[in-house]
Structures are given as C-alpha cells and as structure tokens.
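Participant: quick one: sequence and predicted model below, then my questions.
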Amino acid sequence: MPDSNLLHSTTDVLGLRKQLLLKKQELNALLEITQSINLDTTEDALYKIFQFTLLGQLNIRRIVVYLKEENQWQCMVSFGYQLADFRKLALPEVIIDNCTEVPCPIAAYQLGPQWQQLETIIPVVQKGAVLAYVLIGNVQEDYANEEATSFLQTLSNILIGAIENRRLNRQRVAAAAMRKEIEIAQEVQNMLFPRKLPNDAHVAVHASYVPHTAIGGDYYDVVNIDQDKFMFCVADVSGKGVPASLLMSNFQAGLRTLLRQHVDLATIVHELNHLLFRNSGGEKFITVFFGIYDRTTRHLQYVNAGHNDPILLTDSGPVQYLKTGTVMLGIMEELPMLDVGETEIPPHSLLLNYTDGLTEVFNTNGDEYGEEGLIALMRRNRYLPLAGLHKEMLREIEAFNVNKTQFSDDITILSCRFK
C-alpha cells in the first residue's frame, strides 16, 4: 500500500508547481503588455499584442473586445477557432445594462448561438464607467477560477487605459493643431479688413464686425481707386471656419488685382465669379454687394450679387433699396445675367450695407427683428456719428435677441455718410 502522506505531499507539490507556472505565465503576460505600452506601440498593435498574449501565455483561445468610441460600442478584436465575426455583431443591451462592475458568465444571459462559444464577460471599469468589455472563451481548465478572472480584469484595465491615454493624447494633438489653424485663419481674416476707412469732406465710412464663431465668413473692404473714386463691398461666404477664411482671402486677392488693372465693375464681377467657381467647383458661394462711388459727381455704380439689399436713406423721399445686380457668385461658371445699377447720391444721405446676421435676430415670441426694425432705428438715429449708430444697432438687436449676446450668424455693418 502506498503511503497516503506521500501521495498527499506529491499532489501538493504538483499543485504548487501548477500555481507557480500560472503565476509565471501571468507575469510574462503582464511584462509583454507593459513593454508594448512603454514602447509607444500603436493602438492597433496593442490589440494584437493583447490577443496573442492571452493566447500564447494564458492559453485563452477565444477573445472578443468591445470598446466604447464616441458613445458607440465597437468590436476591436474578434479572434478564435470557429468564432463568429463579432465586428458585425452589436454588443447586446442586456450585457451593457447588467454587467457593469465584476466579470459575468455568458450563460447568465440568453444570447444567440454565436455567443455560446464565449464563457466570461469582463467589464473594464475606470472612474465608475465601463470603457470596454473583454469576452473570453475556451479557457484551459486550470485557468478558470475567480483569481484568474481577476487578473484578466487587471490586465484588460492596463491595456484599455493605455489605449484611452493614446486616444486622449491624439485628441489633444489634433485640438492643438486645430487651435493653431484657427489662429492662422484669424490672422489672415484680420489682415483682409482695411486698416483705414475714408473720412473726408465728401464722405465718412465706418465698419463693425461681430463674428459668430472664432473664424467668421463675413468680409468687407474699402479700396481707393484714384483720388476721386473708391470701391466698397460687403460679402458673406457660405460656411464658416478655415475654408471660408481661405476663400475670402482668395476673393480679396482677386478683387485687389482687378482693381489695379482699372477694369469696369461688370468685368470685376464676372472675373471674381470665374475665380470662385474654379476654386470651389460650385460647392461654395459668396453673396456680395459692390459699390464704386465718385466723390466729384456723387455718382454710385453698384452690383448686388445675391446679397442683402443695402438701405439708402435720404433727407426726403422714400427709402431706396439697392437691388440691381446678379445672382450670388461661385455657384455657376457663367452668370446668367448681370446689370450694373447706377444712382445719384443726394447730400446728407446715409447708406447702410450689412450681412443678414444683423436682421435675422428673434425674440422670445419668435418675431424677427428684420429690415423694418433696422429702418426704424436708422430713422431715429440717422444723424448720430457712424460709430454711435453702429453701437446703437448692436445694442438694440442684443436687447431684442432671445439669446442676448449669442447671435446665430456673423454680423457685419458698413455704413457710408455722404456729406
């Protein structure tokens, strides 16, 4: 008869060796993962290393990993013999709702046949929120206890934490790049606006600009053509941000070049339309009002290209709206029609050019401030200095606006007082 004490001793030694072997395997798995993290490995490579570490070191032969990306659960790893492609399967709501803290057996949930080849769901929890789920199956019998599952949870936390840190770092780098891009675009946009506006014995010009976002889509310009004539314009490009700023920069460069060539207003409009269409392929457009004023003759030539009608207020007579022109620029290669408007400007007239952010303001009842509100304000304050008139306009629409200082669009005001 064999000695029972000897048998027990042998069994204990074998059990201890098994435990030591498992601990060695766990240590190797931990080292592989941490070394990969320290080497600044890519996210995709980390998933691969995690997959093969569980397979090679811990002999876990089926692995599925779901990660929460922008509030959507996505399968990042689906590996194992005869395992369904979980990248095509949504994570069941019953898992999301119920397995939120500790590992859960798959058998606890009545899932489809694809899920039966997996055995355990390991939630990866950080700061009380589940960031990922690691699902495992076909685990060797010696590695199917609570202690082993706890280690897998720790290992998964290390992996997902590293991936989350990489993602946050990537977002920080992207945000820094975007901030720099915005700074450059703001500098470009500020350079587009004229540094000095006319104020002489014949005319005074004043401009105000309130961007809706960090980089707006409005533009205004005033350019001396000769000692008697100057050109002024107010424009609004479709879209916002960097693309709008770059398109405006291109528009201004084209306009300044054409003015140096002393071409007529109709040619300027046609050529700018060609330029915008070539650069944006008809996907972006600009509404713009151009005016060329002659101080000696008091004659104004203008083209309204789909823009808000400038308002001309004289000492007597009705309000005039400068409508003549064409469609917005950049939407088609050839303008279907173009008329150049002409009018004489009486002494003491006030001309208001603006973008739609000034009138498209709503109160708590849903009423629009609109053109009528603007004209009423101009009549009440028409002899104010232009800077004061602009200040009063912005004050009134802010008081009218349901969102107060938060306007829904850029606001540009360019007014001319003809003496």
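Facilitator: Ah, there it is. Numbers count the residues shown, from 1 in each chain.
Participant: use CA for all of it now, contacts and neighbours both
Facilitator: Fine.
Participant: would you map the helices across the stretch 1-150 of the chain?
Facilitator: 4-38, 43-58, 93-98, 146-192 (DSSP state H, counting those that start in this stretch).
Participant: no wait, the stretch 201-350 of the chain
Facilitator: Shown for the stretch 201-350 of the chain, the helices assigned by DSSP H, counting those that start in this stretch span residues 241-260, 265-280.
Participant: my read is that Thr326 contacts Met337, right?
Facilitator: Yes: counting by CA atoms under 8 Å, Thr326 touches Met337, with 5.9 Å between them.
Participant: flag the shaky bits of this structure, pLDDT-wise.
Facilitator: By pLDDT under 70, the low-scoring segments of the chain are 1-41, 56-57, 139-148, 181-182, 185-186, 188-189, 212-216, 240-241, 404-408.
Participant: now do the contacts for Leu312.
Facilitator: 319-322, 349-352 (CA atoms under 8 Å, 6 or more residues apart in numbering).
Participant: how close does it sit to Thr120?
Facilitator: In this view, Leu312 and Thr120 are 76 Å apart by CA to CA, to the nearest Å.
Participant: and for Glu334?
Facilitator: 66 Å.
Participant: of those two, which one has the most company?
Facilitator: Between Glu334 and Thr120, counted using other CA atoms under 10 Å, Thr120 has the larger neighbour count: 21 against 13.
Participant: could you verify my assumption that that one touches Leu135?
Facilitator: Yes: between Thr120 and Leu135 there is a contact under CA under 8 Å: 5.6 Å.
Participant: on that earlier part again, more neighbours: which of Thr326 and Met337?
Facilitator: Counted by other CA under 10 Å, Thr326 and Met337 do not tie: Thr326 has more neighbours, with 21 against 8.
Participant: from His270, how far out is the more buried one?
Facilitator: Taking CA to CA, one finds Thr326 at 10 Å from His270.
Participant: what residues do the two have in common as contacts?
Facilitator: Common neighbours of Thr326 and His270, counting by CA under 8 Å, 6+ apart, are Leu335.
Participant: before we move on, back to that, make JSON lines out of the helices of the stretch 201-350 of the chain and add distance to Gly330.
Facilitator: JSON lines is the format used below for those (distance: least, CA to CA, whole Å):
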{"stretch": "helix 241-260", "distance to Gly330": "10"}
{"stretch": "helix 265-280", "distance to Gly330": "4"}
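Participant: including mean neighbour count and distance to Glu70, could the ones you listed go into a markdown table?
Facilitator: Shown next, in a markdown table, are the helices of the stretch 201-350 of the chain (neighbours: other CA atoms under 10 Å; distance: least, CA to CA, whole Å):
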| stretch | mean neighbour count | distance to Glu70 |
| --- | --- | --- |
| helix 241-260 | 18 | 23 |
| helix 265-280 | 18 | 31 |
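Participant: wait, which of the ones you listed is closest to Arg382?
Facilitator: Nearest to Arg382 among the helices of the stretch 201-350 of the chain is helix 265-280 (29.3 Å), distances taken as CA to CA.
Participant: would you say Asn403 is within a helix?
Facilitator: No: applying DSSP: H, G, I helix; E, B strand; the rest coil, one finds Asn403 to be coil, outside a helix.
Participant: got a list of what Phe400 touches?
Facilitator: By CA under 8 Å, 6+ apart, Phe400 lies in contact with 361-363, 369.
Participant: now do Phe79
Facilitator: Counting by CA under 8 Å, 6+ apart, Phe79 has contacts 51, 61-64.
Participant: again, only this time at 10 Å
Facilitator: 48, 51-52, 55, 61-65, 85-86, 136 (CA atoms under 10 Å, 6 or more residues apart in numbering).
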